[in-house]
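Colleague: Sequence plus predicted model, see below.
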Amino acid sequence: MAVSGSDVAAMYTLLSNSMSGDQRLRGPAEEALAQSESRPGFCSCLLELITAKDLASQKEVRLMATIYFKNSVSRYWRNRRDSSGISNEEKTHLRQKLLLYVREENEQIAQMLAVLISKIARIDYPKEWPDIFMVLSQQLPSADVLASHRIFTILFRTLKELSTKRLTSDQRNFAEISSHFFDYSWHLWQSDMQTILHGFSSLPQSYNSNPDNQHHELYLTCERWLLCSKIIRQLIISGFQSDSKCFQEVRPVKEVSPVFLSALQSFLPYYPEQYVLSFEQFLIQCMVMIKNILECTEYKPSFTGRVMDENGVTLEQMKKNISSAVGGILNSLLPNERIVLLCNVLIRRYFVLTASDLEEWYRNPESFHHEQDMIQWTEKLRPCAEALYIVLFENNSQLLGPVVVSLLQETMNNCPSSVTEITPALLLKDAAYGAAAYVYYQLSNYLSFKDWFSGALSLELSNEHPNLRIIHRKVAIILGQWVSEVKDDTKRPVYCALIKLLQGNDLSVRLAACRSLCLHIEDANFSQREFVDLLPICWDSCFKLFDEVQEFDSKVQVLNLISTLILHVSEVIPFAEKLVQFFQKVWEESSGESLLQIQLLVALKNFVVALGYRSPICYNILLPILENGIDINSPDELNLLEDSMLLWEATLSHAPTMVPQLLPIFSRLVEIMERSFDHLQVAVNITEDYIILGGNDFLSMHAANIAKILDLVVGNVNDKGLLSVLPVVDILIQCFPMEVPSLISSTLQKLIVICLSGGDDRDPSKTSVKASSAAILARLLVMNTNSLAQLASDPSTSQLLQTASIPVHENILLCLVDIWVDKVDNVSSIQKKTIGLALSIILTLRLPQVIDKLDQILSVCTSVILGGNSDLTEEESSTSHDEGNIPSKEFRKRQIKFSDRINHISLEDSVKENLQTCAAIHGESFNAAMNSMHPSALAQLKQALKMP
């Protein structure tokens, strides 16, 4: 039943009740509104309520109506199959009424309506709503300040929404809007600019006469001017082609930019200098702009080009000309002396810790550390200054390298390491140390890390006064940033220094040392030899730090260091008991903190790998954590599943034997795969691990689950997914040739379909899939001949081929012969031998068509015999030194490969024997076929079979 205008009162009651604190009123109201959302007329009724003059004072209810209106537009404005949605007639009515009702006095409702209109415009402009901009612009000349402000709010939101559409036709539409609308917006901006400046100059006098009304109007004008500025920016950026692409002047840019800068200068007299310098957002925007200019790739010289005739100018040459012109302007704006000045200002003024910084540090050192480390650089002044300084230095390293080194020397001379008071000189030294840390790569050409560390930095660390934590924290950062410059003779003292800082009293310093130590351990040149005897104190320091920190980010950081240590040091087993106790404690404390649990899962995986065959010593803690992580019904499943599966895979890969607790949880893998194939490769590895490790016990318990997983995957994933899962089918048949074929018959039938389907001529991935599938079927024929014969003759297989529109005009086994012959060159050596053996078995079939294929079969068998089995020879030579090791997954896989029945069957003998059988079956036709063979082919066959 449709909602009509007569339902406004009832709708008002529902909206009012939906905001009630009484659940007895709120619940039924929310349910009734949810049921009404998809009914025709719902949005029209809401709009009547929003625009009703007698309800103007009911702001909360009207705002709620606007929210429901916006949500309904998002859900039902586009035509949906599962809902009648909003009719075209109602849409027309809503569009017309929304544009006529622009003078909304409530700011929140006005903003929400503007967003709502922009969402509709994104869908309907220009086809269904071509006049939106014309209707809005026609209202502007007669609109008062409030109405024009609201119109510009709508325009800004709508233009912003349309500018994000990426189709060429949409971008063309936006360019057309820009060409029509730019001039009007620009003239209004200039007019408002003059009004604002006049209003600012009149502010002292206006306090004496009717100030409130005048000030409110001036405020709205400022707001409209700001919206207009944003609209102009949007029109220029998205509506006009960049000069870097069209190589022509963009008129609006040339017209607007100087006036914008002039306007900025006009405002400055109304802001005292000390106020401007304390206006953090303004300074941040200035820094962002300079950084963007310095980083702009179009402003940088281009060193590529093409030679053309002397009358033509290449695009590359035009780029060079523009870059050269811009470079000249930038050099005039930023000569060397100004770059040096800017570098000094950034370090001396903005890098220096303020009193409020120090107060925050002393009050909560953890919070201070993370704010300095993780804050978005555009949000706070110091990180923004640091980001600008790094770009400035990278662009001018030869100029600024000596400047920074000189500043560093100056600050160290003015504030020796013996100074313990927090003076401006000490804070400036801290700033200089920071400047040196951030540009380590370029500064290393001007500063010897070894000399610096052995001298000043070591002296700084020897002073343990509490106030020196300011410097100690920065030294910890330097030691991490300069890791690439820490050479062999300095590694040991640097490691010792970081561990000493890790044991300090200040949490901010210790966390900084924690990160830097992690960088050293991850470094490609990390020296275990210099670090190994520091491990006991390092582990204890990490455990202690984890206990003492309170914030979640701190715990994640410490756990990351522990995980990195486990991954990169070989001496883990002596500390295994302590680590198990630590992991147990972390798991108990991490309830509800999925990011911390993820880091724990990573650490446990590294721990299992490090323990190797001794990994069962941690199963008491590992298995419950693992079971929780792979439970798809767990509340944290979305966050933990991926890392839990990687832990599962590592546990199986390094298990010396299959323990009873691991066998039952394989069924969880079925649930995971039924939901999605997001973790297909890991799931395949896990399945393979279970087959290799679990053997007959696993097969007897999970035969149905294996069949279900393979049936889910084969035929429902792309070629890459198929190539990952086919080795599992192969190893199943290899390990259980008698038991498995009947269990996975559905999957094997799909492989037959894959082999006999076409379309792989020009697609390498499809060729690989078909070749691998053919090799698996060949293995099945060799290891369980009756099974493939029964599968090929099964009516359901023919029905499956018919459903796939694959014509089969002869026996399926004979069709497979053509595939084996065609794909034998696309498989490995062991698979070639398997195909050769399968083809030799085909010789024993009592089918006259075998004689037609005899030449091809013998040709393949000959080439395989003469080619040898290089795969196995390489495996034997590469793994002979591993034979004394305790079995792991890889070693067990090699054992299975070496014991593969295919390797112990002589293809030469098989062909000889089956040729005799073939001759006995087919008599004269066999002799005729042999006599018709090319003499050279016959000679090669005799050579392969060692026949006289």
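Modeller: Done, it's in.
Colleague: residue contacts, residue 173?
Modeller: 125-126, 162 (Cβ atoms under 8 Å, 6 or more residues apart in numbering). Placement of C-beta: from N, CA and C, glycine included.
Colleague: now do residue 288
Modeller: 378, 384, 388.
Colleague: Take the residues you listed and keep only those in helices.
Modeller: 384, 388 (DSSP state H).
Colleague: coming back round to it: include pLDDT when you put the contacts of residue 173 into CSV, please.
Modeller: CSV is the format used below for the contacts of residue 173 (pLDDT from 0 to 100):
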residue, pLDDT
125, 92
126, 90
162, 92
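Colleague: Among those, which are located in strands?
Modeller: Judged by DSSP state E, those include no members of strands.
Colleague: Same list (those residues) but as JSON lines, adding distance to residue 169 and neighbour count.
Modeller: Listed next are these as JSON lines, based on distance: Cβ to Cβ, whole Å; neighbours: other Cβ atoms under 10 Å:
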{"residue": "125", "distance to residue 169": "12", "neighbour count": "22"}
{"residue": "126", "distance to residue 169": "10", "neighbour count": "16"}
{"residue": "162", "distance to residue 169": "12", "neighbour count": "22"}
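Colleague: Out of those, which sit inside helices?
Modeller: If you go by DSSP H, the contacts of residue 173 have residue 162 in helices.
Colleague: Can you name every helix or strand that the strand or helix carrying residue 531 contacts?
Modeller: For residue 531, the host element (DSSP states H and E) is helix 528-531. For helix 528-531, the elements it packs on are helix 488-502, judged by 3 or more Cβ pairs under 8 Å, 6 or more residues apart in numbering; DSSP states H and E.
Colleague: Any idea how far the helix or strand following the helix it packs on is from the middle of the chain?
Modeller: Proceeding N to C from helix 488-502, the next assigned helix or strand is helix 507-522, under DSSP H and E. In terms of Cα atoms, centre = their mean, to the nearest Å, the gap separating the centre of helix 507-522 from the centre of its chain is 25 Å.
Colleague: CA-only coordinates of helix 507-522 in PDB, if you can.
Modeller: Taking Å, rounded to 0.1, in the frame of the first residue of the first chain, the C-alpha atoms of helix 507-522 are listed here in PDB:
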ATOM      1  CA  LEU A 507      58.400   4.000  28.000                       C
ATOM      2  CA  SER A 508      58.700   6.300  25.100                       C
ATOM      3  CA  VAL A 509      62.400   5.700  24.800                       C
ATOM      4  CA  ARG A 510      62.000   2.000  25.300                       C
ATOM      5  CA  LEU A 511      59.400   1.800  22.500                       C
ATOM      6  CA  ALA A 512      61.600   3.800  20.200                       C
ATOM      7  CA  ALA A 513      64.400   1.400  20.900                       C
ATOM      8  CA  CYS A 514      62.000  -1.500  20.300                       C
ATOM      9  CA  ARG A 515      61.300  -0.300  16.800                       C
ATOM     10  CA  SER A 516      64.900   0.400  16.000                       C
ATOM     11  CA  LEU A 517      66.000  -3.000  17.200                       C
ATOM     12  CA  CYS A 518      63.400  -4.600  15.000                       C
ATOM     13  CA  LEU A 519      64.800  -2.700  12.000                       C
ATOM     14  CA  HIS A 520      68.300  -4.000  12.800                       C
ATOM     15  CA  ILE A 521      67.100  -7.600  13.100                       C
ATOM     16  CA  GLU A 522      65.200  -7.400   9.800                       C
END
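Colleague: Hey, what's the angle from it to helix 488-502? Just curious.
Modeller: 150 degrees (axes from the mean of the first three to the mean of the last three Cα atoms, to 10 degrees).
Colleague: Going by neighbour count, which residues of helix 507-522 are buried?
Modeller: Going by neighbour count (16 or more other Cβ atoms under 10 Å), the buried part of helix 507-522 is 507-521.
Colleague: How about stretch 791-798?
Modeller: 791-792, 797-798.
Colleague: Which ones among those map onto helices?
Modeller: Short answer: the buried residues of stretch 791-798 in helices (DSSP H) are 791-792, 797-798.
Colleague: Quick one: mean pLDDT over stretch 165-179.
Modeller: Stretch 165-179 carries an average pLDDT of 87.
Colleague: list the buried ones in it?
Modeller: 170-171, 173-174, 177-178.
Colleague: elements contacting the helix or strand containing residue 150?
Modeller: Secondary structure from DSSP H and E places residue 150 in helix 145-163. On a contact count with 3+ Cβ pairs under 8 Å, 6+ apart, helix 145-163 meets helix 107-124, helix 132-139, helix 168-206, helix 211-239.
Colleague: quick one: which of the buried residues of helix 507-522 is nearest residue 570?
Modeller: Proximity of the buried residues of helix 507-522 to residue 570 (Cβ to Cβ) peaks at residue 521, which lies at 12.5 Å.
Colleague: To residue 702, which of the helices and strands packed on helix 145-163 lies closest?
Modeller: Going by Cβ to Cβ, the one of the helices and strands packed on helix 145-163 nearest residue 702 is helix 107-124, 50.6 Å.
Colleague: re earlier: show residues contacting the helix holding residue 150.
Modeller: In contact with helix 145-163 (Cβ under 8 Å, 6+ apart) are residues 102-105, 110-111, 113-115, 117-119, 121-122, 125, 132-133, 136, 139-140, 143, 170, 173-174, 177, 181, 217, 220-221, 223-224, 227-228, 230-231, 234-235, 237-239.
Colleague: Nice, that's everything, thank you.
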